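J.: Coordinates for the following, if possible.
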Amino acid sequence: MNADKVRLLQALMRNDFLSFVHRVFAELNRGRTFHQSWVHEAMCTFIGIVALEHETDRLVINVPPRSAKSTIASVALPSFLLGRDPTFRVIVVSYNQELANLFSRQTRQVMLSPWYRALFPSTVIPSRAAETAFYTSAGGYRIATSTGGTLTGKGGDLIIVDDPLKGPDAHSEAARDAALDWTRNTLFTRLDDKSRGGIIMVQQRQHEDDLSGHMLRAGGWLHLNLPAIAEVDEPILISKRPLRFHYRRAGDVLDPVREPIEVLERLKREMGSHDFAAQYQQAPVPLEGGMIKVGWFGTYDDVPDDGETVFSIDTAYKAGARNDWSVITVWRIARGRYYLLNVWRRRVEYPVLKHCVIEMAQRLRPSTILIEDKGSGTGLIQDLRIEHEGYPVVAYDPGPYDKEARVHVQSAAIEGGLVLLPPSAPWLDEFLCEVRRFPNGTHDDQIDTLAQLLAWKRDRTDDLYIGRYITGYS
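T.: Purely as a prediction, here's the structure:
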């Protein structure tokens, strides 16, 4: 590479954080290629808003494991800031001291490299230094500590918190409370200039009451949230100059090369829906649930032969909408109890949904096919009545109340142990995960079918059947 190209590349790395990250990755991972994606662009852009442009002073980044967040936030960022300003002071926190020291050694490796010294000749650090801290000749430093560690007498211009709790501790209330107390009363007081100093927190979510959860609920934090599988359509800022966005669609995966949907689905089966929702979807849910507690559900080993089989169906509001699900839950109602036999849940176009309903009805012969009379459900009701005259189709009118109110009305039946689930099923984890999230989850279609079934049965028992539900028999 000739001298002009070298100078051009150096100028780029001095002024563009993402370009600098590329070189840091190459330094730490000899022989491996850094496969840049829009995810790295987004992380670097959001970090720059706080650490370089000072447009705001608080940032939370939530991303799945193995997203290069620690390389970017704990190694590249301190190196970049100290290179541009050797008087800068940065504190970096990890969940234990061993990991904090590793990131400190990697930062020193970068800053002692020949290419870095050529890039930032005014930033000089000693070749030997303690793992917990090293200083530039101009008085700047990088401090490495762990959650709960000692910081007496040390302050900083920027605090970086990188995964503040390891997995098991995140599920300990005592550990979470201790981490929160230390962060609020010790760590955050270490900012030298509290009106201008910045705090950047990067972590995979682990619990609804983890550090990210507390900070986000408190408000005032810029938030970059990147679930492994997009749950809604949304634009993600990836560059400010020029202004560029990456447009995610519901169902898109974050890293289709390393972690395509098949890999993520396998991880979900291996980890369970609860842990996957937290670590990969950045949407932790309480173990027991919100409005509906998981412990309220009973379990069954055998299903009574008597009683009636009922389909409860919630269709996607708009056929083909990628962020909506269509759900068919299959129930046996017997002896005053509700046995959930199966859950069919797919994102499908309307013709596929109708075909599946017909196929399941022919196979299982339900006594009632309960469908919400709204959106594409109205079309399904009409088509089944016209094309399959004998089908026991019931149009359900949910009334004027919202979903939360409708579920609340039916919660007594669930709390009373009248709704029974199998001890295991391929769909069970996802069903319980939705239960735990309700009413704050992105999707609640399975809960809709449950509330719909209970309301229909209760109203029918209370002789409110006529005028509200219309069967499909002619």
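J.: which residues pair with Ser94 across the strands?
T.: When bridges are called by DSSP bridges, Ser94 pairs up with Ser146.
J.: contacting residues around it?
T.: Counting by Cβ atoms under 8 Å, 6 or more residues apart in numbering, Ser94 touches 74, 100, 103, 144, 146-147, 162-164. Just so you know, the C-beta spots here come from the backbone N, C-alpha and C atoms, and that holds for glycine as well.
J.: one more time with 7 Å
T.: 100, 103, 146, 162-163 (Cβ atoms under 7 Å, 6 or more residues apart in numbering).
J.: possible to save those as CSV with neighbour count?
T.: Formatted as CSV, those follow (neighbours: other Cβ atoms under 10 Å):
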residue, neighbour count
Ala100, 23
Phe103, 22
Ser146, 18
Asp162, 22
Asp163, 25
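J.: partner residues bridging Thr309?
T.: Assigned bridge partners for Thr309, using DSSP bridges, are Arg332.
J.: quick one: it and Tyr338 touch, right?
T.: No: counting by Cβ atoms under 7 Å, Thr309 stays clear of Tyr338, with 11.5 Å between them.
J.: So the two - more neighbours on which side?
T.: With neighbours defined as other Cβ atoms under 10 Å, Thr309 and Tyr338 compare such that Tyr338 has more, 23 against 19.
J.: which SS class is the more buried one?
T.: Secondary structure, DSSP: H, G, I helix; E, B strand; the rest coil: Tyr338 is strand.
J.: ok, now how distant is it from Leu421?
T.: According to Cβ to Cβ, to the nearest Å, Tyr338 and Leu421 sit 10 Å apart.
J.: same question, Gly220
T.: In terms of Cβ to Cβ, Gly220 sits 41 Å off from Leu421.
J.: Those two: which is more packed in?
T.: Set side by side, Gly220 and Leu421 show more neighbours around Leu421, with 19 against 9, by other Cβ under 10 Å.
J.: what's across from the more buried one in the sheet?
T.: Where Leu421 sits in a bridge, its partners, by DSSP bridges, are Thr299.
J.: Closest one of the contacts of Ser94 to Leu243?
T.: The closest of these to Leu243 turns out to be Asp162 (Cβ to Cβ; 28.4 Å).
J.: Where do the strands of the stretch 1-150 of the chain begin and end?
T.: Using DSSP state E, counting those that start in this stretch, the strands assigned to the stretch 1-150 of the chain run over residues 58-62, 89-94, 133-135, 141-146.
J.: out of those, nearest to Thr189?
T.: Among the strands of the stretch 1-150 of the chain, the nearest to Thr189 by Cβ to Cβ is strand 89-94 (11.4 Å).
J.: Run the chain-centre distance for the closest one.
T.: Here strand 89-94 is found 25 Å from its chain centre; the criterion is Cα atoms, centre = their mean, to the nearest Å.
J.: Would you mind getting the angle between it and strand 141-146?
T.: 20 degrees (axes from the mean of the first three to the mean of the last three Cα atoms, to 10 degrees).
J.: ok, and for strand 89-94, which residues are buried?
T.: Within strand 89-94, the residues scored as buried using 16 or more other Cβ atoms under 10 Å are 89-94.
J.: before we move on, what about stretch 239-248?
T.: Buried residues in stretch 239-248, counted by 16+ other Cβ under 10 Å: 239, 246, 248.
J.: for that stretch, what is the average pLDDT?
T.: Stretch 239-248 shows a mean pLDDT of 95 in the predicted model.
J.: Then stretch 279-298?
T.: The model assigns stretch 279-298 a mean pLDDT of 82.
J.: Need the contact partners of that stretch.
T.: By Cβ under 7 Å, 6+ apart, stretch 279-298 touches 62, 64-65, 204-208, 225-229, 264, 267, 274, 277-278, 407-408, 411, 414-415, 417, 419-421, 432-433, 435-440.
J.: Then stretch 357-370?
T.: With contacts defined as Cβ under 7 Å, 6+ apart, stretch 357-370 is touched by 308-313, 328, 330, 380, 388, 391-394, 396, 452-453, 456.
J.: Do me a favour and get the end-to-end distance for that stretch?
T.: 11 Å (Cα to Cα, to the nearest Å).
J.: before we move on, what about stretch 140-158?
T.: Stretch 140-158: ends 12 Å apart by Cα to Cα.
J.: Which positions in that stretch come out as buried?
T.: Buried residues in stretch 140-158, counted by 16+ other Cβ under 10 Å: 140-149, 151, 156-158.
J.: Quick one, which of those has the minimum pLDDT?
T.: Comparing those by pLDDT, Leu151 comes last, at 82.
J.: tell me the phi and psi of Arg385?
T.: Backbone torsions of Arg385, given as degrees, to the nearest 10, read phi -70, psi -40.
J.: burial measure for it, as a count.
T.: 18.
J.: what about it, distance to Asp373?
T.: Distance of Arg385 to Asp373, computed by Cβ to Cβ: 12 Å.
J.: Leu432 now?
T.: When Leu432 is compared with Asp373 (using Cβ to Cβ), they lie 28 Å apart.
J.: Counting neighbours, go ahead and name the busier of the two.
T.: Between Leu432 and Asp373, counted using other Cβ under 10 Å, the more crowded position is Leu432 (21 against 16).
J.: What sits closest to the residue positioned nearest the centre of the chain if chain neighbours are left out?
T.: Central residue of the chain (Cα atoms, centre = their mean): Gln282, 2.0 Å from the mean position. What sits nearest to Gln282 in space, not counting adjacent residues and going by Cβ to Cβ, 6 or more residues apart in numbering, is Asn62, at 4.2 Å.
J.: Now go through the buried residues of stretch 239-248 and say which are in strands.
T.: Counting by DSSP state E, the buried residues of stretch 239-248 place 239, 246, 248 in strands.
J.: Give the bridge partners for the second one, please.
T.: Beta bridges link His246 to Ile236, judged by DSSP bridges.
J.: let's number from 44 now, not from 1
T.: Yes, from this point I'll number from 44; that puts the last item at His289.
J.: hang on, it packs against Ile279?
T.: Yes: between His289 and Ile279 a contact is recorded at 4.7 Å, counting by Cβ under 7 Å.
J.: Between these two, which contacts overlap?
T.: Joint contacts of His289 and Ile279 (Cβ under 7 Å, 6+ apart) are Ala85.
J.: Can you lay out the strands of the stretch 44-193 of the chain as a markdown table showing distance to Val337?
T.: As requested, these are exported to a markdown table (distance: least, Cβ to Cβ, whole Å):
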| stretch | distance to Val337 |
| --- | --- |
| strand 101-105 | 24 |
| strand 132-137 | 33 |
| strand 176-178 | 46 |
| strand 184-189 | 34 |
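J.: Which among these is found nearest to Asp445?
T.: strand 101-105 (28.2 Å).
J.: Let's test this: mean pLDDT of that closest one, rounded?
T.: Strand 101-105 comes out at a mean pLDDT of 97.
J.: Give me the helices and strands touching that strand, please.
T.: For strand 101-105, the elements it packs on are helix 81-94, strand 241-246, helix 254-261, strand 265-268, judged by 3 or more Cβ pairs under 7 Å, 6 or more residues apart in numbering; DSSP states H and E.
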